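Undergrad: What shape does this take:
(2 chains)
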Amino acid sequence: MSHPKRMTKVLIAGHKKHLETTIDALYEADLLHVEDFVEGDDSDFEIGMPIAYGEEVSRKLVKVRSIANALNIKPTDETVPLTESHVTSELDAMLARIDKEIDQNSEELSGLDTRVKDIESAEKELEPFLAYDLDLKYYKGYDNLAVFSGTISSLNESRLLEITDAYQLFTDSGSKFFVLFVSKNFEKSIQSVLTDMGYREMKAPDKSGYPSDIYAALEAEKSEIQAQIESLIAARAALNKEYGNFILASDEYLSTLSEKSELPLRIATSEHTFVIEGWVPTNNFGAFTAAVSKKTDNGVYITELEVDMHDEKEIAKIPVEYENKKVASPMEEVMDLYSRPKYNEIDPSSILLISFPLIYGLILGDIGYALVLMTLAFCVMKFVKSDAVKKLMYVLIYCQISAFIFGIIYGEFMGFPLAGMMYYGEHMPGLIPGLETIVFNYSLFYGEPFTFPIYRPAMIMTFLVGTAAFGFLHLNIGFIIGFFNVKSQHGLKHAVLEKLSWIVFEIGVIAAIVAWYFELFGTAGIAVGAVIAVIGLVMLVMGEGIKGIIEIPGLLGNMLSYTRLIAVGLSSIYIASTVNDIAFGGLLWTPADGFSVMMIVSILVFVLGHSLNTVLSIIAPGLHALRLQYVEFFGKFYSGGGKAYKPFGHLKKYILEE
Amino acid sequence: MEISTEGIVALSKAIAIVGTGLATAWAVKSIGTAGVGAMVENEAVFGKALVLAVLPETIVIFGLVVAILI
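TA: Sure thing, here's the model as predicted:
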């Protein structure tokens, strides 16, 4: 159980001539969370102007990003950081050069693209004439002959014969393309007859030579151009390889400058001075002050400001940074998914480290699924570089370790029991032949004997009571954390009345029930319990008002909600056995039927059913475990809503420290 | 037709599950739609939308507990 990192409020003031060096120093220190200055009517300060170099930097940044976009530059394994002096000395010349090369490349590329389109349209024009091996020059230039070429919907030669028999007709049975040579005397009448038959003219291309030869030449030219296009694309990829590293480094360098140049927009300035307010982790305050003073030659005044820890508005401004042991830090991602803790609230990450995997394992409890998911998590961690994803994978791995342990306790592998057992008077074989469930001569509820491994469907009542009891414990841990939260925020009296009252009430109720059930101390036992419960109730009303009483049935609902630990697990067991029953239980097919079509259907049902169940088994425990934390557990103490700590400055990835 | 106690018990269990199941489905549908709508506006509400969407699942869990206890 820990609090978020302690923060100190810092004020930095100085003459404007030191502003640039101060900003450089702050950026380098990478510790100050700047609090944005809000202009007010009663203040002589106003928001500052960006530093002069900002404009030029933004212009270059736009260029760098457009180059990165054009060349599709992304970090690779070969990306190495460059020194800042390397980047600054070459930036302008390099940008101009890369820009020119890209322009040239894309100009050539678009020229070639146009040429390919031209060739393709010429080919399309030529295609119909390929069917007739006739030199294109013969399609025109006659004194006494008319030439018709084109498509026709239905050619009726007898109608042509009615006019004349002095013609030469070429038809192609596949397409409706035809060519007709006829004496010029009949041109008009033939034209009208053809129009009747649905004639659409297609003129021969204005070239000479055999269509097939021309076509082949076009094809050759096209493939040559395509080769050129490919080499241009390869050249572009080479540009990516050559300049990718430099562009990434320049992007980082320019982004840094741009961020620095814009800081004055977040701070207060007067005609000659500037004031920066912000937060620094208390542990780093000394180092921070020393570093900034040194860099600015003691030119600025740095001081710590008092924070009123009773002013909720002031507290809400404090940025929140987690402070957990390394092993618990992945749980911060689960916290962020809900809401970051407030500054004056206990950060429950380290409790989640235990309770979240525990609940997950209780629900899933399967050796097979645990191994599959663990392998998956390790694979994702190997291939995905993002820190947030890595942390979530760690959470998944913690959960799988727990699921594996419960898998052994439940003796389950991929939904099947490992050990054989007697269930409803019938012997069910397990996956491991010869391994039998050990039955202990001991039962807690409804005569359900304890066994190892535990087969959940045989111990439903025990689990129902057990999970609700588990929920009761979990909720009370919530009340205890809530007690410390309220104590540090509003004092002991409030903490006792608001949170401890619940525990007093519970103790009273439990005492009364125990006295009644086991008949201890007669009526006096019950009465003592009842009195304690009433005291708790009175405290609750004093602390939370009438709302507290309304929430009492809610507590019972919260406890019952934990019975999902058994319910969700059971549902996957029942789905698995139902699938088995449908597939091989005689409904469709049994092994006794021998080979048939229904066997394939059975196998299909089996595979589909179990895949569905596997996916559900993987998703459901995570969601339910998350929900029990967020709704039931957090409901007892957590409010959240803290602001993330984002220091001014950033990690250098592609720029080398000098 | 004779009505057996066993049949009535089975039927009661079915009603408990079906009723709560339908109620949960209906509630999750409404909340889920609104949650996705909110997430389009602001992705950071994912955690809260998830919590709201799974809240009604408790109804069907209660149904299951009742069905087991019958």
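Undergrad: tell me, what residue is most central in chain B?
TA: Centroid-nearest residue in chain B, with C-alpha atoms, centre = their mean: B:T24, separated by 2.4 Å.
Undergrad: longest helix of the chain?
TA: I went with chain A, as the question did not name one. Across chain A, the helix with the greatest residue count (assigned by DSSP state H) is helix A:211-262.
Undergrad: meant chain B actually
TA: helix B:5-41.
Undergrad: The helix or strand of chain B with the lowest mean pLDDT and chain A, any residue contact?
TA: Within chain B, no helix or strand scores below helix B:46-54, which has a mean of 82 by mean pLDDT, DSSP states H and E. Yes. Part of helix B:46-54 sits near chain A under the criterion C-beta under 8 Å from any C-beta of the partner chain, namely B:F46, B:G47, B:K48, B:L50, B:V51, B:V54. All C-beta atoms are positioned from the backbone trio N, CA, C, and that covers glycine.
Undergrad: what's the closest of those residues to A:L604?
TA: The shortest gap between A:L604 and any of those belongs to B:V54, at 32.2 Å (C-beta to C-beta).
Undergrad: Leaving out the residues flanking it, which one is nearest to that closest one?
TA: The shortest distance from B:V54 to any non-neighbouring residue, by C-beta to C-beta, 6 or more residues apart in numbering or on different chains, is to A:R627 (4.4 Å).
Undergrad: three-state assignment of the one you found?
TA: Following DSSP: H, G, I helix; E, B strand; the rest coil, the label given to A:R627 is helix.
Undergrad: Just to check, it is in contact with B:G47?
TA: No. The pair A:R627 / B:G47 is not scored as a contact, 10.9 Å apart, by C-beta atoms under 8 Å.
Undergrad: Show me which of these two is the more surrounded one.
TA: The neighbour comparison of A:R627 against B:G47 (other C-beta atoms under 10 Å in any protein chain shown) goes to A:R627, with 21 against 17.
Undergrad: Distance check, that one against A:A287.
TA: According to C-beta to C-beta, to the nearest Å, A:R627 and A:A287 sit 42 Å apart.
Undergrad: do A:N105 as well
TA: 50 Å.
Undergrad: What residues does chain B have near chain A?
TA: For chain B, the residues in contact with chain A (C-beta under 8 Å from any C-beta) are B:46-48, B:50-51, B:54-55, B:57-58, B:61-62, B:64-65, B:68.
Undergrad: From the residues you listed, keep the buried residues only.
TA: If you count burial by 16 or more other C-beta atoms under 10 Å in any protein chain shown, the buried members of the residues of chain B next to chain A come out as B:47-48, B:50-51, B:54-55, B:57-58, B:61-62, B:64-65, B:68.
Undergrad: and the residue in the stretch 401-550 of chain A positioned nearest to chain B, what pLDDT?
TA: Nearest residue of the stretch 401-550 of chain A to chain B, counting by C-beta to the nearest C-beta: A:I460, 5.9 Å away. pLDDT, the model's per-residue confidence, is 88 for A:I460.
Undergrad: Can you tell me the element it falls in?
TA: Assigned by DSSP states H and E, A:I460 belongs to helix A:460-490.
Undergrad: The helix or strand that that helix is followed by packs against which elements?
TA: Using DSSP H and E, the helix or strand that follows helix A:460-490 in sequence is helix A:492-495. The contact analysis (3 or more C-beta pairs under 8 Å, 6 or more residues apart in numbering or on different chains; DSSP states H and E) places helix A:492-495 against helix A:460-490.
Undergrad: what separates the least confident helix or strand of chain B from the chain centre, distance-wise?
TA: Here helix B:46-54 is found 15 Å from its chain centre; the criterion is C-alpha atoms, centre = their mean, to the nearest Å.
Undergrad: export stretch A:429-441 as PDB, just CAs?
TA: What follows is stretch A:429-441, C-alpha atoms only, in PDB (Å, rounded to 0.1, in the frame of the first residue of the first chain):
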ATOM      1  CA  PRO A 429     -12.400 -41.000 -16.900                       C
ATOM      2  CA  GLY A 430      -9.800 -38.300 -16.700                       C
ATOM      3  CA  LEU A 431      -7.200 -37.200 -19.200                       C
ATOM      4  CA  ILE A 432      -4.400 -39.000 -17.400                       C
ATOM      5  CA  PRO A 433      -5.200 -42.700 -17.300                       C
ATOM      6  CA  GLY A 434      -4.900 -44.200 -13.900                       C
ATOM      7  CA  LEU A 435      -5.000 -40.800 -12.000                       C
ATOM      8  CA  GLU A 436      -8.000 -40.800  -9.700                       C
ATOM      9  CA  THR A 437      -9.500 -38.000  -7.600                       C
ATOM     10  CA  ILE A 438      -8.700 -38.300  -3.900                       C
ATOM     11  CA  VAL A 439     -11.900 -37.900  -1.800                       C
ATOM     12  CA  PHE A 440     -11.400 -36.700   1.700                       C
ATOM     13  CA  ASN A 441     -13.900 -37.700   4.400                       C
END
